[in-house]
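S.K.: have a look at this prediction, sequence included:
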Amino acid sequence: MSDLPLSVLIVEDNEGDVRLIENGLDESDVPIEPTVVTDGEAALDRLLDPPADAKPDLLLLDLNIPKRTGRDVLAALQAASASCPMPTLVLSGSRSDEHIRETLALGADGYAVKPVDPQEFISLIGSVVRSVADSGTVPPGEHAEIESPT
(Lines give C-alpha, C1' and ligand atoms only; values in the text may rest on other atoms or scores of the structure.)
Protein backbone atom coordinates (compact mmCIF):
# COMPACT_ATOMS: atom_id res chain seq x y z
CA MET A 1 0.00 0.00 0.00
CA SER A 2 1.28 3.44 -0.94
CA ASP A 3 1.93 6.18 1.62
CA LEU A 4 0.16 8.63 -0.68
CA PRO A 5 -3.47 9.34 0.16
CA LEU A 6 -6.08 7.51 -1.89
CA SER A 7 -7.98 10.04 -3.99
CA VAL A 8 -11.72 9.27 -3.85
CA LEU A 9 -14.37 11.02 -5.92
CA ILE A 10 -17.78 10.71 -4.27
CA VAL A 11 -20.70 11.48 -6.57
CA GLU A 12 -23.70 11.66 -4.27
CA ASP A 13 -26.47 14.21 -3.76
CA ASN A 14 -27.86 12.87 -0.46
CA GLU A 15 -26.11 14.61 2.45
CA GLY A 16 -26.84 11.70 4.82
CA ASP A 17 -25.27 9.20 2.43
CA VAL A 18 -22.24 11.49 1.98
CA ARG A 19 -21.75 11.54 5.76
CA LEU A 20 -21.97 7.75 5.93
CA ILE A 21 -19.48 7.39 3.07
CA GLU A 22 -17.10 9.85 4.77
CA ASN A 23 -17.44 7.88 8.03
CA GLY A 24 -16.57 4.70 6.12
CA LEU A 25 -13.54 6.41 4.60
CA ASP A 26 -12.42 7.52 8.07
CA GLU A 27 -12.89 4.05 9.55
CA SER A 28 -10.90 2.38 6.77
CA ASP A 29 -7.57 3.50 8.31
CA VAL A 30 -6.42 4.30 4.77
CA PRO A 31 -5.14 7.84 4.12
CA ILE A 32 -7.89 9.41 2.01
CA GLU A 33 -8.25 12.57 -0.01
CA PRO A 34 -12.02 12.75 -0.69
CA THR A 35 -13.80 15.06 -3.11
CA VAL A 36 -17.59 15.27 -3.13
CA VAL A 37 -19.70 16.41 -6.08
CA THR A 38 -23.48 16.34 -6.08
CA ASP A 39 -24.42 15.95 -9.73
CA GLY A 40 -23.41 14.17 -12.90
CA GLU A 41 -22.19 17.26 -14.75
CA ALA A 42 -19.76 18.15 -11.96
CA ALA A 43 -18.57 14.54 -11.92
CA LEU A 44 -17.87 14.57 -15.65
CA ASP A 45 -16.06 17.90 -15.37
CA ARG A 46 -13.71 16.29 -12.84
CA LEU A 47 -13.34 12.99 -14.68
CA LEU A 48 -13.05 13.90 -18.34
CA ASP A 49 -10.66 16.82 -18.19
CA PRO A 50 -8.59 16.58 -15.02
CA PRO A 51 -4.93 17.44 -14.69
CA ALA A 52 -2.86 14.27 -15.01
CA ASP A 53 -2.23 14.10 -11.28
CA ALA A 54 -5.87 14.73 -10.31
CA LYS A 55 -7.53 11.57 -11.59
CA PRO A 56 -9.19 9.80 -8.67
CA ASP A 57 -8.02 6.41 -7.47
CA LEU A 58 -11.63 5.40 -6.74
CA LEU A 59 -15.03 6.55 -7.98
CA LEU A 60 -18.06 6.03 -5.73
CA LEU A 61 -21.05 6.80 -7.94
CA ASP A 62 -24.72 7.08 -7.04
CA LEU A 63 -27.06 6.26 -9.93
CA ASN A 64 -29.80 8.76 -9.16
CA ILE A 65 -28.09 12.13 -9.20
CA PRO A 66 -29.21 15.44 -10.73
CA LYS A 67 -28.30 16.94 -14.11
CA ARG A 68 -26.75 13.74 -15.53
CA THR A 69 -27.47 10.35 -13.97
CA GLY A 70 -24.86 7.87 -12.84
CA ARG A 71 -25.62 5.87 -16.00
CA ASP A 72 -24.89 9.00 -18.07
CA VAL A 73 -21.57 9.42 -16.27
CA LEU A 74 -20.61 5.80 -16.93
CA ALA A 75 -21.65 6.06 -20.59
CA ALA A 76 -19.63 9.26 -21.06
CA LEU A 77 -16.56 7.65 -19.49
CA GLN A 78 -16.98 4.62 -21.74
CA ALA A 79 -17.40 6.83 -24.82
CA ALA A 80 -14.22 8.70 -23.89
CA SER A 81 -12.38 5.38 -24.37
CA ALA A 82 -11.70 4.95 -20.68
CA SER A 83 -9.72 8.18 -20.57
CA CYS A 84 -10.03 8.06 -16.82
CA PRO A 85 -9.81 4.40 -15.83
CA MET A 86 -10.24 3.86 -12.12
CA PRO A 87 -12.00 1.38 -9.88
CA THR A 88 -15.67 2.37 -9.96
CA LEU A 89 -18.34 1.26 -7.51
CA VAL A 90 -21.96 2.14 -8.17
CA LEU A 91 -23.98 2.73 -5.01
CA SER A 92 -27.73 2.51 -5.41
CA GLY A 93 -30.95 1.82 -3.59
CA SER A 94 -32.05 -0.42 -6.47
CA ARG A 95 -31.74 -4.20 -6.35
CA SER A 96 -32.87 -4.52 -9.98
CA ASP A 97 -30.87 -7.08 -11.95
CA GLU A 98 -31.42 -4.89 -15.01
CA HIS A 99 -29.81 -1.87 -13.31
CA ILE A 100 -26.90 -4.01 -12.15
CA ARG A 101 -26.30 -5.50 -15.61
CA GLU A 102 -26.61 -2.09 -17.25
CA THR A 103 -24.06 -0.42 -14.98
CA LEU A 104 -21.62 -3.31 -15.31
CA ALA A 105 -21.99 -3.17 -19.11
CA LEU A 106 -21.20 0.56 -18.91
CA GLY A 107 -17.90 -0.18 -17.21
CA ALA A 108 -18.59 -0.13 -13.47
CA ASP A 109 -16.39 -2.57 -11.57
CA GLY A 110 -18.95 -3.26 -8.88
CA TYR A 111 -22.47 -2.52 -7.76
CA ALA A 112 -23.61 -2.28 -4.16
CA VAL A 113 -27.07 -1.70 -2.80
CA LYS A 114 -26.84 1.01 -0.16
CA PRO A 115 -27.40 -0.71 3.17
CA VAL A 116 -30.26 0.69 5.23
CA ASP A 117 -28.32 0.15 8.45
CA PRO A 118 -25.83 3.02 8.87
CA GLN A 119 -23.10 0.83 10.39
CA GLU A 120 -23.39 -1.65 7.51
CA PHE A 121 -23.06 1.24 5.04
CA ILE A 122 -19.96 2.52 6.85
CA SER A 123 -18.46 -1.00 6.91
CA LEU A 124 -19.16 -1.49 3.18
CA ILE A 125 -17.30 1.72 2.29
CA GLY A 126 -14.40 0.80 4.60
CA SER A 127 -14.00 -2.61 2.97
CA VAL A 128 -14.14 -1.11 -0.54
CA VAL A 129 -11.46 1.45 0.30
CA ARG A 130 -9.18 -1.14 1.91
CA SER A 131 -9.57 -3.36 -1.15
CA VAL A 132 -8.66 -0.53 -3.54
CA ALA A 133 -5.71 0.48 -1.35
CA ASP A 134 -4.43 -3.12 -1.16
CA SER A 135 -5.17 -4.45 -4.65
CA GLY A 136 -6.33 -1.54 -6.82
CA THR A 137 -9.74 -3.18 -7.31
CA VAL A 138 -13.18 -2.97 -5.75
CA PRO A 139 -14.48 -6.19 -4.19
CA PRO A 140 -16.97 -8.04 -6.41
CA GLY A 141 -19.77 -7.50 -3.90
CA GLU A 142 -23.02 -9.26 -3.38
CA HIS A 143 -23.97 -9.01 -7.06
CA ALA A 144 -20.88 -10.66 -8.51
CA GLU A 145 -22.96 -13.56 -9.82
CA ILE A 146 -24.93 -11.24 -12.11
CA GLU A 147 -23.01 -11.00 -15.35
CA SER A 148 -23.03 -8.00 -17.60
CA PRO A 149 -24.28 -8.52 -21.15
CA THR A 150 -21.14 -8.17 -23.25
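M.R.: Yes, it's here. Numbers count the residues shown, from 1 in each chain.
S.K.: pLDDT weak spots in the chain?
M.R.: 1-3, 50-53, 81-84, 140-150 (pLDDT under 70).
S.K.: nearest residue to the residue most central in space within it in space, please, no chain neighbours.
M.R.: Centroid-nearest residue in the chain: Leu60, 1.8 Å away (criterion: C-alpha atoms, centre = their mean). Nearest residue to Leu60 in three dimensions, chain neighbours excluded: Ile10, at 4.9 Å (C-beta to C-beta, 6 or more residues apart in numbering). All C-beta atoms are positioned from the backbone trio N, CA, C, and that covers glycine.
S.K.: check for me that the one you found belongs to a strand.
M.R.: Yes. The assignment for Ile10 is a strand, going by DSSP: H, G, I helix; E, B strand; the rest coil.
S.K.: how many other residues sit next to it?
M.R.: 23 (other C-beta atoms under 10 Å).
S.K.: and the gap between it and Arg46?
M.R.: Going from Ile10 to Arg46 by C-beta to C-beta, to the nearest Å gives 11 Å.
S.K.: what sits in contact with each of these two?
M.R.: The contact sets of Ile10 and Arg46 overlap at 35, 37 (C-beta atoms under 8 Å, 6 or more residues apart in numbering).
S.K.: scan this protein for its longest helix.
M.R.: helix 118-135 (DSSP state H).
S.K.: for Met86, see how far away Leu6 is.
M.R.: Applying C-beta to C-beta, the value for Leu6 to Met86 is 11 Å.
S.K.: now Ala76
M.R.: Counting by C-beta to C-beta, the gap between Ala76 and Met86 amounts to 14 Å.
S.K.: please apply the same query to Ala75.
M.R.: Distance of Ala75 to Met86, given as C-beta to C-beta: 16 Å.
S.K.: no further queries at this time; thank you.
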